[in-house]
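Chemist: Here you go, sequence then predicted model.
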Amino acid sequence: LVDFVLHITLMLSFRAKIMDTQETEVVPAVVVQATTIFFLVRKGIESFALLKFGREVFQSYLKDVWNIFDTLAIVLTVMANSFNNPNFNALVLIMLWLKVLSFLKAINLQMATFILALIQILIDIRFFAF
């Protein structure tokens, strides 16, 4: 639940940066930086714990698509905090939405089925889209 609330906080921050309609920050920069540091430390501890379980467990963790999205969202968030580019902030917001989808996938079985079907459709049409 804490992760979900912190993700929503980051999403509000980057959405406000993209919209750029308000003169004050929706989420203070210090909160965004602290949230990003929390996720970096948590991802590091998670990786270290899985490595202690075994090399095979850690390798399967690295190959999971949702973990790649999760790590990429954290790295992009760190990069976006250093400069203010609306296009890059939009990319970070997309990655944060993917993380929210991974949360929803874990909560509800029907939602998990829908998300996995959506991913399979995107995989099947990738050759036509690009």
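Modeler: Everything's here; your move. Residues are numbered from 1 along each chain as shown.
Chemist: Give me the buried stretch members for the longest helix along the chain, please.
Modeler: Ranked by residue count under DSSP state H, the longest helix found in the chain is helix 29-53. Judged by neighbour count using 16 or more other C-beta atoms under 10 Å, the buried positions of helix 29-53 are 32, 35, 36, 39, 50. (Each C-beta comes from the backbone N, C-alpha and C, glycine too.)
Chemist: Redo those as CSV? Include distance to residue 92 and pLDDT.
Modeler: CSV is the format used below for the buried residues of helix 29-53 (distance: C-beta to C-beta, whole Å; pLDDT from 0 to 100):
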residue, distance to residue 92, pLDDT
32, 11, 82
35, 13, 88
36, 10, 87
39, 12, 90
50, 25, 92
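Chemist: other SSEs contacting the longest helix of the chain?
Modeler: Helix 29-53 sits against helix 2-19, helix 55-63, helix 65-82, with contacts defined as 3 or more C-beta pairs under 8 Å, 6 or more residues apart in numbering; DSSP states H and E.
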